[in-house]
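[1] Any chance you could fold what I've pasted below:
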Amino acid sequence: MHNTTFKAPIHILGGGSIGLLFAASIRIAFPCYPLRVLLQEHHKPKLLKVGSETSIEVCLFRDAKSKFVRVPADIISDSSDDKIRNLLLATKATDASAAVASVKTNLEIDSRIIILCNGSLAVRDEIRNKLCNRHPITFVSTTHGAFRDSSTSFVASNSNLYQVTLAGVGNTLVENDEPLAQLFDQSDLHAQSTSDIELVLWRKLAVNCVINPITAILGCKNGHIIHDPLYLRLMPQVLQELSQLTPFKEKLSPDTLQTFVEQVICATKDNKSSMLQDVQHQQRTEVDYLNGFIVKKGEESGVPTPANRELYDLIRNLEDSSQSKDDG
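    Presented below is the predicted three-dimensional model:
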């Protein structure tokens, strides 16, 4: 049995694949860890109740093996008396600030918000505006790939089960918190503490500002964009604009960013980006928190961002087109 120096209760906000990956991994490693997942109302039929305790059952599939674990869980509207010390925010960027607002009365003055989302930099700014810069914020970044899978016959016959598949083993970085990083690491999430998290997030933002919108516009997997004229025209400009706006200009030059983007494209050539999946499912994308964030920072700093603006507008047009079809 592992021992961990981080013992504070954690509430995980969001029932998506990454949030459940973290929740299940921690409870598998530490069966009694004080952890609780907070879910939206539509999850209520899946809650399991034993006495006064409610939970969900998660099947975590990794390394060709399935592990089943009960994870304490509540519906947000039913947890009004539950005080939150550490809120791990694992929603989509588009839902993040509203999700935090939904548990605002559960937060104490020194409660910490741990951001584990795409577009983390923009999410932080939005939360600070909504909460008037009130709560300490910690960044966590992960390269683990996971997805919720309801397609198997086993899951179909067990409608209350959440199946999470670890599709790609990566690493997890925690901002300046060795005990929390140790908890994640001992939960098989391959974690370490770092003081360079914002550098990591700006580099990740560069990747997402290129790969996500271009794959969504072209309707293709990551590897297919590398020779496309749209990519060849806009990629250098997108990275040039971002490099001018990052506080890490010397470490994140356009050439350095381009090398990193190309490495990610090669490593994930068979993957579908999250933005492509959103467009295909006619869901709102995270473009406001990616290219839209760069456009906003450019406007604030007087730095033109025409390439990011072009990709932003193209994605918004795709969203509007999907909405028009639905309305029609």
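[2] for the residue of the chain positioned farthest from its centre, phi and psi?
    Taking Cα atoms, centre = their mean, the residue of the chain most remote from its mean C-alpha position is residue 51, at 33.2 Å. As for residue 51, its main-chain torsions (degrees, to the nearest 10) stand at phi 70, psi -130.
[3] Against residue 291, how distant is it?
    The gap separating residue 51 from residue 291 is 49 Å, by Cβ to Cβ, to the nearest Å. Heads up, the C-betas are built off the backbone N, CA and C, glycines and all.
[4] so where's the stretch 201-328 of the chain uncertain?
    Counting by pLDDT under 70, the stretch 201-328 of the chain has low-confidence residues at 323-328.
[5] how about the helices in it?
    For the stretch 201-328 of the chain, the helices defined by DSSP state H, counting those that start in this stretch cover 229-245, 254-267, 274-280, 291-301, 306-327.
[6] how close does the residue farthest from the centre of the chain sit to residue 293?
    Distance from residue 51 to residue 293, counting by Cβ to Cβ: 46 Å.
[7] Counting neighbours, which bits of stretch 297-313 end up buried?
    297, 298, 305, 307, 308, 309, 310, 311, 312 (16 or more other Cβ atoms under 10 Å).
[8] dump the residue contacts of the third one.
    By Cβ atoms under 8 Å, 6 or more residues apart in numbering, residue 305 lies in contact with 241, 245, 294, 295, 297, 298, 299.
[9] likewise the fifth one?
    Residue 308 makes contacts with 209, 238, 241, 242, 291, 294, 295, 298, as judged by Cβ under 8 Å, 6+ apart.
[10] Residue 113 should be in a strand, yeah?
    Yes. Judged by DSSP: H, G, I helix; E, B strand; the rest coil, residue 113 forms part of a strand.
[11] what number of residues lie near it?
    Using other Cβ atoms under 10 Å, the number of residues around residue 113 comes to 24.
[12] can you tell me how far it sits from residue 99?
    Counting by Cβ to Cβ - residue 113 and residue 99 are separated by 11 Å.
[13] Quickly list what's touching both of these two.
    By Cβ under 8 Å, 6+ apart, residue 113 and residue 99 have these common neighbours: residue 89.
[14] Thanks a lot, catch you later.
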